[in-house]
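1. Structure of the sequence below:
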Amino acid sequence: MTATDTQPHEQRERRRARGGPVRDVVALMLLPLPLLVALAPLSFAGGGTRRWFGRGEGQRADAQAAKDAAAAFYELDTAHRDLRISIETITAVDTSPSARKAAEEYEGFGRRIDEVSQGYITAVDSHDLDRDDLDGGAMARARADLTRAKQELDRVKGELDRFAQGLGPLLQSAETQLARLAPAVERARQALLAASNALDAVRAQGLQADDLAARLAALAPELTKLNQGAGQHGVPETIRRADDVVRQAEGVRTEAERLPGKAAEIDKRLVSLRTRAQAITTRAGNVDPVLSELRRRYSAACWQDLQQVPEQATQSVQQAEVKLREAQQARDEQRWADATSRLATVRALLDTTDEAVSAAGDRLQRLDAVSFDRQKEVERTRFAVRDAQRLAMTGRSTPDPRHAGPLDDAVARLDRAVAGLEGRHPDWWHFLMETEAVRETAARVVQEIREARGGAGTGAGG
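-> Predicted structure coming up:
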């Protein structure tokens, strides 16, 4: 019962304590069944006790009416008390307007139950059915008052039952969350324990994992709040906190378990990048002879952009070696993120240097091939243009100007590139760049046509 239920309930109890056979019957009806059985011989046998039910049928009927009202009174009071458990379950979990409204309606039922209970108690106190001189009129009035009181008790009991039935969805949702509460808190505790054990394991291998330890230590206040329970912090908040602790603790555990592998991978990359830097240094030493060959056999336009490759390669490798030393130091100090960052820089430097060193040799090879047989390069490029032209004419009597224009320009550009080879020292590198540009134009037109036709299968090679 609520605080507002206390005074009416105490009044009911005081009034029940007064003498009178009707109240004796009411008190007996509220006793447990085994106790009633035990008291029965004392109440209705000899020993100086009167046979109260030995009166006429009218008195017995009035007594029965009082007894029925007492049962209704007891059932209503019990149902109201039992419903409090459901309300407390809902309000402990749910803070929605529906839950607040249910709690308010429950309190309203408390006031209405007090009113009808007070009416019942007043009816019982107003009629002493044990009087020998009770006349028929008084008996009729008692019967009417008691019947009316019982009807009021039954009516409110019916409304209370319907209210309890309407709480079904709210109660089910609350019970579902309550069912999640204990497992969620236990999962959080187990996740923290697993993370702690994982940290101990990596430390046993000589790894510090200080950042992970700090993250795990930061979860200690959350564990304290979980231990304080949902009574202090609420069920939804406790479940949310438990889920958050699980997520963070599992993150720490996962990273701790990966740490030995990460350390081994960094060690492997350090060795690999050192080896690669040495190999590039060796290859960079061969760039000068290649440049000499390019200068001897081809015009300046074919090699002048490569003049700085040897010097740039040397500088890049030196920078890479500095970053490698920094990465090694970060690894020794177990600053894993710094070590990984330095190694990424080393790899980028070596990739750029490798491309530059390879470019000189590749340039000489391509120039040798085209100067020996230019026609192969020309035919390859013309084929790409013709293929694009055929696709542009497929299903059309005249090509789309958006496609015909670029292809016509590509043909003219190829012709100019071929004509530019006349002379004693042709610019073979310019010729190769022009034929490559023409092929790119043809490929772009093909792609545009296919997209415009929704990816139709009429294809072009090249």
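2. just the helices in the stretch 301-450 of the chain please.
-> In order along the chain, the stretch 301-450 of the chain carries the following helices (DSSP state H, counting those that start in this stretch): 309-332, 336-372, 374-393, 401-419, 428-452.
3. Throw those into a markdown table and include mean neighbour count, thanks.
-> C-beta here means a position set from N, CA and C on the backbone, and glycine is covered the same way. Written out in a markdown table, the entries for these read as follows (neighbours: other CB atoms under 10 Å):
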| stretch | mean neighbour count |
| --- | --- |
| helix 309-332 | 17 |
| helix 336-372 | 17 |
| helix 374-393 | 18 |
| helix 401-419 | 16 |
| helix 428-452 | 18 |
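4. and the angle from the longest helix along the chain to helix 309-332?
-> Counting residues, the longest helix in the chain under DSSP state H turns out to be helix 235-284. Helix 235-284 and helix 309-332 meet at an angle of 140 degrees, taking axes from the mean of the first three to the mean of the last three CA atoms, to 10 degrees as the criterion.
5. Centre of the chain to helix 235-284, how far?
-> Here the centre of helix 235-284 is set off from its chain's centre by 23 Å, with CA atoms, centre = their mean, to the nearest Å.
6. Quick one: mean pLDDT for it?
-> Averaging pLDDT along helix 235-284 yields 91.
7. And for stretch 87-107?
-> Looking at stretch 87-107 alone, the average pLDDT works out to 73.
8. That one: end-to-end distance?
-> With CA to CA, to the nearest Å as the measure, the ends of stretch 87-107 fall 10 Å from one another.
9. From here on, call the first residue 504.
-> From this message on, residue numbering opens at 504, which makes the last subject stretch 590-610.
10. For Arg690, which non-adjacent residue is closest in space?
-> Nearest non-adjacent residue to Arg690, counting by CB to CB, 6 or more residues apart in numbering: Val749, 5.3 Å away.
11. give the contact list for the one you found.
-> For Val749, the contacting residues are Ala687, Arg690, Ala691, Ala694, taking CB atoms under 8 Å, 6 or more residues apart in numbering as the criterion.
12. would JSON lines of those residues with distance to Leu827 and secondary structure be doable?
-> Formatted as JSON lines, the entries for those read as follows, by distance: CB to CB, whole Å; DSSP: H, G, I helix; E, B strand; the rest coil:
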{"residue": "Ala687", "distance to Leu827": "48", "secondary structure": "helix"}
{"residue": "Arg690", "distance to Leu827": "44", "secondary structure": "helix"}
{"residue": "Ala691", "distance to Leu827": "43", "secondary structure": "helix"}
{"residue": "Ala694", "distance to Leu827": "38", "secondary structure": "helix"}
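13. Stretch 856-868: how far from the chain's middle?
-> Centroid displacement of stretch 856-868 relative to its chain, using CA atoms, centre = their mean, is 50 Å.
14. What of stretch 706-720?
-> Using CA atoms, centre = their mean, the mean C-alpha position of stretch 706-720 is found 26 Å from that of the whole chain.
15. For it, buried residues please.
-> Of the residues in stretch 706-720, those scored as buried under the neighbour-count criterion (16 or more other CB atoms under 10 Å) are Arg706, Leu710, Ala712, Leu715, Ala716, Arg718, Leu719.
16. Quick one: end-to-end length of it, please.
-> For stretch 706-720, the first and last residues are 16 Å from each other (CA to CA).
17. Reformat the buried residues of stretch 706-720 as TSV; add pLDDT and secondary structure.
-> Below are the buried residues of stretch 706-720 laid out as TSV (pLDDT from 0 to 100; DSSP: H, G, I helix; E, B strand; the rest coil):
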residue	pLDDT	secondary structure
Arg706	89	helix
Leu710	86	coil
Ala712	83	coil
Leu715	88	helix
Ala716	90	helix
Arg718	91	helix
Leu719	89	helix
